[in-house]
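Enquirer: Just to be clear, the model below is a prediction. Sequence and coordinates:
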Amino acid sequence: MNLKIALAGNPNSGKTTMFNALTGSSQHVGNWPGVTVEKKSGLFKDDKNIEIIDLPGIYSLSPYTLEEVVTRDYLLRESPDVIINIIDSTNIERNLYLTSQIIEMGIPVVIALNMTDVLKKSGDTIDISKLSKMLGCPVIETSAIKGQGCKEAVELAKNKAPLKNLNHIFSKPVEDTISKISEIIKSNTYESSYTQSDIPLRWYALKIFEKDDKIIKTLPFYEKIRPETDKLVGLLEKEMDDDAESIITSQRYNFTGNIAQKCVKRISAGKLSLSDKIDRIVTNRILALPIFALVMFMVYFISVSTLGAWATDWVNDVVFGEIIPPATESFLKSVNSAPWLSSLILDGIIGGVGAVLGFLPQMLILFFVLGLLEECGYMARIAFIMDRIFRKFGLSGKSFIPMLVGTGCSVPGIMASRTIENENERRMTIITTSFIPCSAKLPIIALIAGALFPGSVLIGPSAYFAGIAAIIVSGLILKKTRGFSGDPSPFVMELPPYHIPSLSNVFLHMLDKGKSFVKKAGTIIFLASGTIWFLSSFDLSFNMVDTSDSILAFLGGLVAPVFAPLGFGDWQSAVATITGLIAKENVVGTFGVLFGFEEVAENGSEIWTTMGSSFTQISAYSFLLFNLLCAPCFAAIGAIRREMASAKWTWFAIIYQTGFAYTVSFIFYQFALFFTRSQVTLMSIFSLMAFAALLYMIFRKPSSLDTRNRTRSSIAPLGTSEI
């Protein structure tokens, strides 16, 4: 690579949109913060010798959250050749705070003044030449969503113009103190590798002034110079009657405010924007939740019950009903295929993979509708709305952002927890994120809704809100235990302006998610379906037998009694549930192999005839609840392990999720039986006891140990605290 260009900026400033425009990549773009949680790289479309790096959105280089650490560590350790700092031109003063910190690192910078099309519509203007002069680096107007100015920004970056004059933005007393600390460092650099760094000496002096622990720990000579630097900083703090970090923060804002005052001409000041007018309704304290419930009902109504169901019926009935199976069977007969091979292909591969792929239209429509909500800006409002609720249960609105990401896949949802700086809150978010139905669970929802509740439009939305209810209840329970106690962190989030969704971005997002699903169906589910076919077709002597006499039936029979109190105690349902741990889509794929694809896929009475002995509507919904709430797939468990950085916490998450799912399904099934049959059994008594225990866990007062835990000012890193 000849040139490395890093894209840096505030959340929701348009970094990933510009990254996609420059590289042709299909990174997820959302009109809400927290989309990028780790750095991504790609090659510039017009010059493969240029590497573009998309860094997580941050507000400051004094990191509090993990994505801020990712960005600063990359800039410090890998030193890109140039930084393109993307700035939201509609909110320039706040964005320039980060700019002032980036420029201090001494790396060449190009300012991409993004969203200028929105700025011009408001009537506001920015003096580009004056802004460039005051910042000491080139500035260019861009509109990443329209692809305007992006390539020109890269052309400017190629020049790697050195920074000019932004070394001294603070008042004289502060600058004098920083200079003195610089001299002290300089006289001690012989003891460290600092002299090899490309970062200016002044930047390290500033970090010592601010008492930035993460940087200080990297300076081996710090303890030696600490008495002198502490004395200098202490004298200035006393003189200015403030702490060092607050002094720097205040003076940065004075600097950015001065730039905005001199460079920005505002006409729209004091006027309510269209976004503000819409927010008066959709974020209203009374109307916000009903509107949110209605929106999510419509999302599942469109994707599961109506348009998605029609498309799925056509795929199942025509593509995987009238076209592929008959054609394949005819071909196999023509080549005199062995019976076992025909069974493997028809019952195993087409039956298993086809049963899952049959629900692809519903998933694509769900991705498309959710993409529209993200693009228009409503998703950010959902996080704001849910903060009011989550805060009462030990979480904040930031916790809902990973859950929104998790509607596509739990893995990036779990990774998105990095945006949460409070470790206890982050832990709880990781554990509860997979309660929200991901795309892999949609086929299970669609199967239960279409086959066992024909005509009902409530099953899909109820699954989504059951996930939210599980999160709330878990918040109440976990927050009163030692490992999760403490007040929720403050939730500050920028609400991006509403805009007309970019259909290209929405389609890109939809196709990317759909491709990922098909890829999984072609690999994991393919192998799982083949394995299930083998185990369901042969006995322990490896003779081909009926399914009821197979190895799988034997193994499933050993596990089935565990699920009997939940209403699905047959071996087929038990096996489907266990295989769902590999990939949730396997639940449907397993039924496709065991019952025959045509019967599982169709949305009518055939499935009722085949599975009637296994399911009633009550037991079917209990089965759905358990599979929605229990431990996620292996990939998501791996993500939990990485984010928790602890095998102990990972096992705690798996055991809690599975135990919670079992308890909820058990209570639902036994209560439903009691209210429909009015019969008191031993199991209904046990379910009442379980319900009482659940209520106790929800409403109990925190122990004295938990209360003391809330007062601790420091929080141990993930993976080090006791549960």
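Expert: Here it is on my side, so go on.
Enquirer: where does the stretch 551-700 of the chain dip in pLDDT?
Expert: 596-614 (pLDDT under 70).
Enquirer: so where's the stretch 351-500 of the chain shaky on pLDDT?
Expert: 352, 355, 419, 486-494.
Enquirer: if we go to 90?
Expert: Residues of the stretch 351-500 of the chain meeting the criterion pLDDT under 90: 351-429, 436-461, 463-464, 468, 471-472, 475-500.
Enquirer: Just the helices from it, written as ranges.
Expert: 351-357, 360-376, 378-390, 397-405, 410-415, 423-433, 442-447, 459-478 (DSSP state H, counting those that start in this stretch).
Enquirer: Take those and write them to JSON lines, including distance to residue 587 and mean neighbour count.
Expert: For glycine as for every other residue, the C-beta is placed from the backbone atoms N, C-alpha and C. Shown next, in JSON lines, are these (distance: least, Cβ to Cβ, whole Å; neighbours: other Cβ atoms under 10 Å):
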{"stretch": "helix 351-357", "distance to residue 587": "9", "mean neighbour count": "28"}
{"stretch": "helix 360-376", "distance to residue 587": "15", "mean neighbour count": "23"}
{"stretch": "helix 378-390", "distance to residue 587": "28", "mean neighbour count": "22"}
{"stretch": "helix 397-405", "distance to residue 587": "21", "mean neighbour count": "27"}
{"stretch": "helix 410-415", "distance to residue 587": "15", "mean neighbour count": "25"}
{"stretch": "helix 423-433", "distance to residue 587": "20", "mean neighbour count": "26"}
{"stretch": "helix 442-447", "distance to residue 587": "5", "mean neighbour count": "26"}
{"stretch": "helix 459-478", "distance to residue 587": "13", "mean neighbour count": "21"}
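Enquirer: Between these, which one is closest to residue 237.
Expert: Of all the helices of the stretch 351-500 of the chain, helix 423-433 sits nearest to residue 237, with 28.7 Å by Cβ to Cβ.
Enquirer: hmm, back to that, of the helices of the stretch 351-500 of the chain, which is nearest residue 4?
Expert: Closest approach to residue 4 among these is made by helix 410-415 (23.7 Å; Cβ to Cβ).
Enquirer: Mind giving me the packing neighbours of the closest one?
Expert: For helix 410-415, the packing partners by 3 or more Cβ pairs under 8 Å, 6 or more residues apart in numbering; DSSP states H and E come out as helix 397-405, helix 423-433, helix 634-644.
Enquirer: Ok, which of these comes nearest residue 502?
Expert: In terms of Cβ to Cβ, the element of the helices and strands packed on helix 410-415 nearest to residue 502 is helix 397-405, at 18.6 Å.
Enquirer: now that closest one against helix 459-478, angle please.
Expert: Here helix 397-405 runs at an angle of 140 degrees relative to helix 459-478 (axes from the mean of the first three to the mean of the last three Cα atoms, to 10 degrees).
Enquirer: returning to that earlier point: now render the helices of the stretch 351-500 of the chain as JSON lines, adding distance to residue 580.
Expert: Output for the helices of the stretch 351-500 of the chain, formatted as JSON lines (distance: least, Cβ to Cβ, whole Å):
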{"stretch": "helix 351-357", "distance to residue 580": "12"}
{"stretch": "helix 360-376", "distance to residue 580": "16"}
{"stretch": "helix 378-390", "distance to residue 580": "27"}
{"stretch": "helix 397-405", "distance to residue 580": "20"}
{"stretch": "helix 410-415", "distance to residue 580": "13"}
{"stretch": "helix 423-433", "distance to residue 580": "17"}
{"stretch": "helix 442-447", "distance to residue 580": "8"}
{"stretch": "helix 459-478", "distance to residue 580": "15"}
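Enquirer: Pick out the residue closest to the middle of this protein.
Expert: For the chain, the residue nearest the mean C-alpha position is residue 413 (2.6 Å; Cα atoms, centre = their mean).
Enquirer: so what's that one closest to, chain neighbours aside?
Expert: residue 406 (2.5 Å; Cβ to Cβ, 6 or more residues apart in numbering).
Enquirer: Please report the distance of that neighbour from residue 651.
Expert: As judged by Cβ to Cβ, to the nearest Å, residue 406 and residue 651 stand 21 Å apart.
Enquirer: These two - which one has more neighbours?
Expert: residue 406 (28 against 15; other Cβ atoms under 10 Å).
Enquirer: List the residues that contact residue 7.
Expert: Residue 7 makes contact with 15, 18-19, 52-55, 83-84, 86, according to Cβ atoms under 8 Å, 6 or more residues apart in numbering.
Enquirer: how about a cut-off of 6 Å?
Expert: If you count contacts by Cβ atoms under 6 Å, 6 or more residues apart in numbering, residue 7 has them with 15, 19, 54, 84.
Enquirer: With residue 205 instead?
Expert: Residue 205 neighbours (Cβ under 6 Å, 6+ apart): 178, 181-182, 185.
Enquirer: Please apply the same query to residue 370.
Expert: Residue 370 touches residue 407, counting by Cβ under 6 Å, 6+ apart.
Enquirer: got the CA positions of stretch 504-521 in PDB?
Expert: C-alpha atoms of stretch 504-521 as PDB (Å, rounded to 0.1, in the frame of the first residue of the first chain):
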ATOM      1  CA  SER A 504     -29.700   2.200  -2.800                       C
ATOM      2  CA  ASN A 505     -28.400   2.100   0.800                       C
ATOM      3  CA  VAL A 506     -31.600   0.200   1.900                       C
ATOM      4  CA  PHE A 507     -31.300  -2.300  -0.900                       C
ATOM      5  CA  LEU A 508     -27.600  -2.700  -0.300                       C
ATOM      6  CA  HIS A 509     -28.300  -3.400   3.400                       C
ATOM      7  CA  MET A 510     -31.100  -5.800   2.500                       C
ATOM      8  CA  LEU A 511     -29.000  -7.700  -0.100                       C
ATOM      9  CA  ASP A 512     -26.000  -7.900   2.300                       C
ATOM     10  CA  LYS A 513     -28.100  -9.400   5.100                       C
ATOM     11  CA  GLY A 514     -29.800 -11.700   2.600                       C
ATOM     12  CA  LYS A 515     -26.500 -12.900   1.200                       C
ATOM     13  CA  SER A 516     -25.200 -13.600   4.600                       C
ATOM     14  CA  PHE A 517     -28.400 -15.700   5.400                       C
ATOM     15  CA  VAL A 518     -28.100 -17.700   2.100                       C
ATOM     16  CA  LYS A 519     -24.400 -18.300   2.700                       C
ATOM     17  CA  LYS A 520     -25.200 -19.700   6.200                       C
ATOM     18  CA  ALA A 521     -27.900 -21.900   4.600                       C
END
